[in-house]
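The sequence and its predicted three-dimensional model are supplied below.
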Amino acid sequence: MEIKLKIAEALIPGIDCSKPLMIAGPCSAETEEQVMEAARQVASLGIKVFRAGIWKPRTRPNVFEGVGSEGLVWLRRVKEETRMKVATEVANVKHVYEALKNGVDVLWIGARTTANPFAVQEIADSLRGVDVTVLVKNPVNPDVELWVGALERVNAAGITHIGAVHRGFSSYGKSNYRNDPHWQIPIELRRRIPGLPIINDPSHISGKRELIMELCQTAIDLDFDGLIVETHCDPDHAWSDAAQQVTPQHLEYIIKNLVLRKQKVDNRNAVTLEELRMQIDKLDDEVLQIMEQRMLVAEKIGMFKKENNVTILQSKRWTELLKKRINAGMSKGLGEEFVKKIYSAIHEESIQHQKMVMNR
Ligand code: PEP
Ligand code: MN
């Protein structure tokens, strides 16, 4: 079902918001000098929006949790000296109050906060009658409904300068990413709320600066509206998220080398051919990853069978499995022959892997 939000023309009034809207700055404001140095360098790249976390939600206690309100004075100085707009995270009503008092132009609701409807509602209520831009990060869990719900709460409070930030989703176990991108979720968000600006946050997806460039390109290829990139003059010594922050020089390289895509159609809501192909590529990637996992399990079964001295082929189990898979596949609109073929191929490959283990 499509959801109608009241969305203003420009995400951030007073600046050119054409695609890709770039937002950059450190994960955290650390000292006045660090903030001013980063701001000057970011501004010199032509970037119009500066980010810096003042209050930092950290997973574990007893680490740096942000400088607090003191840092808002530095952001005011950034505005005055560079003319950039400034953005920071708010997680409660006090943060909203302090940020607005100090002229912060863009508030973002962090991933952990988006996951909590009570917190989002309190923030939304505190924004009634205020003219500020609000970005809602995706919740930490891959739940598009929860993301939509947070956007609805903020919009219902009268915030029309509203956008979403895609920062990836936490997962259990090994992954190449700090937070898995699950690109199909922001794509679904766009389908659900046409016209909503969506900004990609490659920093929190990747967790490491080496991946930032390719993530930015993927976001551009998928027609995201902007990028928010954590940028620090001395990233290795950053007080938070050191591994994922880039230097202003690195950011300049990224901006210069990004291949911008023309939109094939005028309507920003239409799903383009490129988008669909990207979705296919991502899904195929997932299919292969799942196959890899499946074969690892098959190998464990092989070990078990070897230890217990039983045959690889258990034909009763195979017949039952195939029947179940065909039914499940057909209920998903897949052809019987097709399901039979892929499962025969998968089964054959599983047997190969089990044989390999048993003959080792
Ligand atoms: C951040 O932007 O620095 C941050 C804490 O983000 P997230 O809410 O995405 O973890
Ligand atoms: Mn960060």
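Sure, I can see it. Numbering: from 1, shown residues only. Ligands and ions are numbered 1, 2, ... in the order given.

Give me the contact list for stretch 243-260.
19-20, 22, 24, 26-27, 38, 41-42, 44-45, 178, 203-204, 206-209, 212-213, 216-217, 220, 229-235, 238 (C-beta atoms under 8 Å, 6 or more residues apart in numbering). Using the backbone N, CA and C atoms, a C-beta is placed for each residue, glycine as well.

Residue numbers of the stretch 201-350 of the chain in contact with ligand 2?
Applying C-beta under 5 Å from the ion, one finds that the stretch 201-350 of the chain approaches ligand 2 through D241.

who in the stretch 201-350 of the chain is up against ligand 1?
Residues of the stretch 201-350 of the chain that fall close to ligand 1, judged by C-beta under 6 Å from any ligand atom: H204.

Give the closest residue to the residue of the stretch 201-350 of the chain found nearest ligand 1 in space, chain neighbours not counted.
Ligand 1 sits closest to H204 of the stretch 201-350 of the chain, with a gap of 4.4 Å, by C-beta to the nearest ligand atom. Nearest residue to H204 in three dimensions, chain neighbours excluded: R167, at 4.1 Å (C-beta to C-beta, 6 or more residues apart in numbering).

next one: V120
In space, and not counting its chain neighbours, V120 is closest to A150: 4.6 Å by C-beta to C-beta, 6+ apart.

before we move on, what about L146?
L146 sits nearest to P139 (C-beta to C-beta, 6+ apart), 4.6 Å away.

Return the distance of the helix or strand harbouring I187 from the chain's centre.
Using DSSP states H and E, I187 falls within helix 184-192. In this view, helix 184-192 has its centroid 12 Å away from the chain centroid, taken as C-alpha atoms, centre = their mean, to the nearest Å.

thinking again about what came up before, so the residue nearest to L146: helix, strand or coil?
coil (DSSP: H, G, I helix; E, B strand; the rest coil).

In terms of secondary structure, what does the strand or helix carrying V287 contact?
Following DSSP H and E, one finds V287 within helix 273-308. Packed against helix 273-308 by the contact rule (3 or more C-beta pairs under 8 Å, 6 or more residues apart in numbering; DSSP states H and E) you find helix 184-192, helix 212-221, helix 336-358.

before we move on, the earlier item: give the contact list for the residue nearest to L146.
Taking C-beta under 8 Å, 6+ apart, we find P139 in contact with 111, 114-115, 146-147, 150, 169.

Which positions within stretch 302-318 qualify as buried?
Going by neighbour count (16 or more other C-beta atoms under 10 Å), the buried part of stretch 302-318 is 302, 305, 312.

got a markdown table for those, with pLDDT too?
Formatted as a markdown table, the buried residues of stretch 302-318 follow (pLDDT from 0 to 100):
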| residue | pLDDT |
| --- | --- |
| G302 | 87 |
| K305 | 85 |
| I312 | 76 |
